[in-house]
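Enquirer: The sequence and its predicted three-dimensional model are supplied below.
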Amino acid sequence: QVQLVESGGGLVQAGGSLRLSCAASGLTLDSYITGWFRRTPGKEREFVAAISWRVGSTNYADSVKGRFTISRDNSKNTVYLQMNSLKSEDTAVYYCAGKKYGSSRYSNDYTTWGQGTQVTVSS
């Protein structure tokens with residue numbers, strides 16, 4: 001059974017940085033895609049970034065491009081989301097999600113989800 005566990009959320013001032021981690025277990029990494037989504041109260045889940053485990057190709061939402069970096073460490077089965085130049089509008093619960101065969105920006109395409117980690121950016 002695939003499991004994804006996020007960590008690294010917290011409170012940070014605007015302009016600061018945080019790094020989120022997503023540890024994966026129980027899966028075959030080849031052809032697997034891991035994405036980060038976020039949700040604020042009253043809104044739909046929003047795509048943030050995604051990465052292919054096999055080739056490392058990445059995909060970003062326009063709102064975070066240039067500020068956030070997604071990466072993976074295959075030896076640790078872990079995906080990271082480095083978030084720099086944080087803004088108050090980045091405040092959300094961040095979720096790690098997984099799927100097979102092909103990157104996607106749509107949350108409905110992802111089959112496995114972590115429990116979420118809160119990121120709060122104070123202005």
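Expert: Arrived safely. This one's a predicted model, so the numbers in the text were calculated from it and none came from an experiment.
Enquirer: Any idea how many residues pack against Lys100?
Expert: Using other Cβ atoms under 10 Å, Lys100 has 15 neighbouring residues. Every C-beta, even on glycine, is put in place using the N, C-alpha and C of the backbone.
Enquirer: If it is in a bridge, with which residues?
Expert: Beta-bridge partners of Lys100, counted by DSSP bridges, are Tyr32.
Enquirer: Could you tell me how far it is located from Tyr94?
Expert: Lys100 sits 22 Å away from Tyr94, going by Cβ to Cβ, to the nearest Å.
Enquirer: One more: Ala50?
Expert: Ala50 is 13 Å from Tyr94, by Cβ to Cβ.
Enquirer: Who are the contact partners of the closest residue to Gly98 other than its chain neighbours?
Expert: Excluding the flanking residues, the one nearest Gly98 by Cβ to Cβ, 6 or more residues apart in numbering is Thr112, at 4.2 Å. Contact partners of Thr112, counting by Cβ atoms under 8 Å, 6 or more residues apart in numbering, are Val2, Gln3, Leu4, Leu27, Ala97, Gly98, Lys99.
Enquirer: hmm, try it at 6 Å
Expert: Counting by Cβ atoms under 6 Å, 6 or more residues apart in numbering, Thr112 makes contact with Val2, Leu4, Gly98.
Enquirer: Give me the phi and psi for it.
Expert: With angles defined as degrees, to the nearest 10, Thr112 sits at phi -130, psi 140.
Enquirer: What are the boundaries of the strands in this structure?
Expert: Taking DSSP state E as the criterion, the chain carries its strands at 3-7, 10-13, 18-25, 32-39, 46-52, 58-60, 68-73, 78-83, 92-100, 112-113, 117-122.
Enquirer: Report the central residue of this protein.
Expert: Nearest to the geometric centre of the chain sits Trp36, at 2.3 Å (Cα atoms, centre = their mean).
Enquirer: Done for today, thanks.
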